[in-house]
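Visitor: Sequence first, predicted model second:
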Amino acid sequence: MTEETKKKSKWLPLESNPDVLNEYAHKLGLSRSWAYTDVFGLDQELLAMVPQPVASVLLLYPITANNEKYRKQQAQKEGQIISSDLIFYKQTISNACGTIGLLHSLANSLDVSQVNGPLKSLIEKTKDASPEERAKILEEDDGLAEAHKSAGEAGQTRAPRPDEDVKLHFICFSQKNGRLYELDGRNSAPIDHGPTTNLLEDSAKVIKKYMELDPTETQFSVIALSASQD
C-alpha cells in the first residue's frame, strides 16, 4: 500500500461496546486492572453505579446540524486554558474516531491508569509531536491499522463497509490539571470546559447539552474508563 493510498483509506467504524474496546485496549497494552464500562444514564443515581475511579469518558453521538454548530461554537469560545500536558490527536483517517477517542482516553490518563506494550510505545513516540505530526504517525502505523480493523470487525452488530457513510462520532472527555477537556480529532485543539472536581459528573453535564440539542435522537452511548471490578 502506498503512502498516498494509506492517507485516503477508510477504516471500519468501531462499535460502542465495552467488550470490543477492552479487547482492543488490552491487546495494545492497557493494564487489566482498568476497563471500559457502560454508563447507563446521566442521572446522579446511575452515575453512582459506575466503578471508581474514572480516568476518562467516551461519548458516541449522532452527527447532526445542531450539534455540529454547537461543537464549532465551543471550539471558538474565548478564555480557554489549554494545558500543555494534554496529548491531542488530529483525525485524518476516515472512520478512525473510535481509535482516536481511545488514544485520547489512554494517553491523557497515564497518571492514573497503567499502559505498556505497543500503546505505550506509540504514546511516547507521539508525546512531543504536534497534532499534525501525530496524525502522520498514525497514518503510517500499520500495526495500529490492523488492530483497529480487528476491533472494527468484532462486536454484536454487522461491521459497516469502509465506504459506508457513518453518521456517528466518538469523542473523549479527560481531566488535566484540574480542568475538563473535550478531545475531538476533528477540531484543531481540545475544548476547555473549565474547572472540574468530578470527571464523570462534569462530563455528564456537557453530554446532556449535546443530547438536549437533538432530543429525538437515540443513538447516544457513554462509556467510562474505570478501575476494573473483576
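Guide: The structure has been received and is ready for your questions. Numbering: from 1, shown residues only.

Visitor: Contact partners for the nearest residue to Pro131 once chain neighbours are set aside?
Guide: Nearest residue to Pro131, sequence neighbours excluded (Cβ to Cβ, 6 or more residues apart in numbering): Lys90, at 4.4 Å. C-betas here are computed from N, CA, C, even on glycine. Applying Cβ atoms under 8 Å, 6 or more residues apart in numbering, we find Lys90 in contact with Pro131, Glu132, Arg134, Ala135, Gly185, Ser188.

Visitor: Beta-bridge partners for the residue lying closest to Pro51 once chain neighbours are set aside, please?
Guide: Nearest non-adjacent residue to Pro51, counting by Cβ to Cβ, 6+ apart: Ser226, 4.1 Å away. When bridges are called by DSSP bridges, Ser226 pairs up with Ala35, Val54.

Visitor: wait, doesn't Ser226 sit right on Ser56?
Guide: No - counting by Cβ atoms under 8 Å, Ser226 stays clear of Ser56, with 9.3 Å between them.

Visitor: between the two, which one's more packed in?
Guide: Ser56 (28 against 22; other Cβ atoms under 10 Å).

Visitor: The more buried one - that's part of a strand, no?
Guide: Yes - counting by DSSP: H, G, I helix; E, B strand; the rest coil, one finds Ser56 located in a strand.

Visitor: worst-scoring helix or strand of the protein, pLDDT-wise?
Guide: Sorting the helices and strands of the chain by mean pLDDT, DSSP states H and E puts helix 3-8 at the bottom, at a mean of 47.

Visitor: in the helix or strand that that helix is followed by, what's buried?
Guide: Following helix 3-8 in sequence order, the next helix or strand is helix 18-28 (DSSP states H and E). Using 16 or more other Cβ atoms under 10 Å as the test for burial, helix 18-28 gives Pro18, Val20, Leu21, Asn22, Glu23, Tyr24, Ala25, His26, Leu28.

Visitor: Ok, stretch 58-70 next?
Guide: Leu58, Leu59, Leu60, Tyr61, Asn67, Tyr70.

Visitor: ok, residues contacting that stretch?
Guide: Stretch 58-70 is contacted from outside by 16, 21, 36, 101-102, 105, 167-173, 203, 207, 209-211, 213-214, 217, 219-225, using Cβ under 8 Å, 6+ apart.

Visitor: try stretch 214-227
Guide: 16, 18, 21, 33-39, 42, 50-62, 64, 66-67, 105-106, 109, 113, 168, 200, 204, 207, 210-211.

Visitor: Quickly name whichever of the buried residues of stretch 58-70 is closest to Gln80.
Guide: Using Cβ to Cβ, the shortest approach to Gln80 within these belongs to Tyr70, at 15.5 Å.
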